[in-house]
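Asks: Model the structure of this input:
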Amino acid sequence: MKIGILQTGHAPDNLRPDLGDYDDMFRKLLHDQGFTFETWNVVDMEFPGDVTDADGWLITGSKHGAYEDHPWIAPLEAFIRDAIEHAVPVVGICFGHQIVAQALGGKVVKFPGGWAVGRQDYDFGGAHLPLNAWHQDQVITPPEGARTIASNDFCAHAALVYGDRALTIQPHPEFGPDFIEGLIHTRGKGVVPQELLDKAESTLDQPLASDIIADQIADFLRKERSA
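Replies: From the prediction side, this is the model:
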């Protein structure tokens with residue numbers, strides 16, 4: 001099964017040589033699931049020719065906001081709607097979670113409650129799963145037909161499922177502690193409150209449930225669905 005990675009941003013320049021770009025992190029997360037991958041850098045206006053160019057689509061995180069005025073936002077939203085209409089499964093992570101919701105009529109905002117960074121606990125239907133996060137933007141109003149499947153006190157809609165067409169998750173199962181540590185010392189300084197950065201750094205050695213989420217993503221992508 002071929003998964004097309006729609007890359008909506010790039011990892012910081014000084015972290016990329018050692019830790020890879022966002023698509024590399026997803027290839028590593030899903031390395032044992034039997035998929036092949038191809039990346040399109042939509043952030044650089046590189047789009048697939050058709051939604052059938054892959055068997056499923058994975059939309060990465062980004063430093064950009066879904067509500068910002070970038071030339072690639074509208075075409076990406078149209079691509080998402082087209083993929084869903086044609087029953088080609090879509091998975092979105094962080095920005096990907098937000099842009100799918102926005103493309104389908106939901107609302108994304110810069111959350112007035114501030115930032116979530118580092119290890120956070122999420123309630124996935126009674127299963128409490130710790131995952132890394134790095135975001136201020138949130139989906140505050142899911143689209144009609146979306147079902148919230150994970151939340152916590154900070155993020156009411158931390159994961160959404162759209163029937164058998166799309167699965168989206170606000171936290172980052174692909175971010176390991178090394179990358180979070182790198183973000184703390186690059187993108188975090190002077191942007192995220194220092195106490196949040198300190199707390200994130202203090203939990204870098206604690207376990208994560210990334211493998212559980214990787215299995216859920218893979219199972220969703222492989223699910224049989226009718227056109």
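
Asks: going forward, measure contacts between C-alpha atoms and count neighbours the same way
Replies: Noted.

Asks: Can you list the low-confidence ranges for this structure?
Replies: Scanning the chain for pLDDT under 70 picks out the ranges 227.

Asks: Tell me where it has strands.
Replies: 2-6, 36-40, 56-59, 90-93, 107-110, 116-124, 127-135, 137-141, 147-150, 159-162, 166-169 (DSSP state E).

Asks: residues of the first one that come out buried?
Replies: Neighbour-count burial for strand 2-6, with 16 or more other C-alpha atoms under 10 Å as criterion, is recorded at Ile3, Gly4, Ile5, Leu6.

Asks: What residues are bridge-paired with the spatially most central residue of the chain?
Replies: Nearest residue to the geometric centre of the chain (C-alpha atoms, centre = their mean): Ile93, 1.0 Å. Beta-bridge partners recorded for Ile93 (DSSP bridges): Ile169.

Asks: can you tell me which residues contact it?
Replies: Counting by C-alpha atoms under 8 Å, 6 or more residues apart in numbering, Ile93 touches Leu58, Ile59, Thr60, Gly61, Thr168, Ile169, Gln170, Pro171, His172.

Asks: What's the separation between Ala209 and Gly49?
Replies: 35 Å (C-alpha to C-alpha, to the nearest Å).

Asks: ok, the two, which is more surrounded?
Replies: Comparing Ala209 with Gly49 by other C-alpha atoms under 10 Å, the one with more neighbours is Ala209, at 14 against 8.

Asks: Verify the stated contact: that one with Pro130.
Replies: Yes: under the criterion of C-alpha atoms under 8 Å, Ala209 makes contact with Pro130 at 5.5 Å.

Asks: For the protein, which segments count as helices?
Replies: Along the chain, counting by DSSP state H, helices occupy 16-19, 22-29, 73-85, 95-103, 177-185, 194-202, 210-222.

Asks: how about the ones you listed in JSON lines, adding mean neighbour count and distance to Trp40?
Replies: JSON lines is the format used below for the helices of the chain (neighbours: other C-alpha atoms under 10 Å; distance: least, C-alpha to C-alpha, whole Å):
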{"stretch": "helix 16-19", "mean neighbour count": "12", "distance to Trp40": "17"}
{"stretch": "helix 22-29", "mean neighbour count": "19", "distance to Trp40": "9"}
{"stretch": "helix 73-85", "mean neighbour count": "17", "distance to Trp40": "11"}
{"stretch": "helix 95-103", "mean neighbour count": "26", "distance to Trp40": "14"}
{"stretch": "helix 177-185", "mean neighbour count": "18", "distance to Trp40": "22"}
{"stretch": "helix 194-202", "mean neighbour count": "15", "distance to Trp40": "31"}
{"stretch": "helix 210-222", "mean neighbour count": "17", "distance to Trp40": "18"}
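
Asks: Thank you, goodbye.
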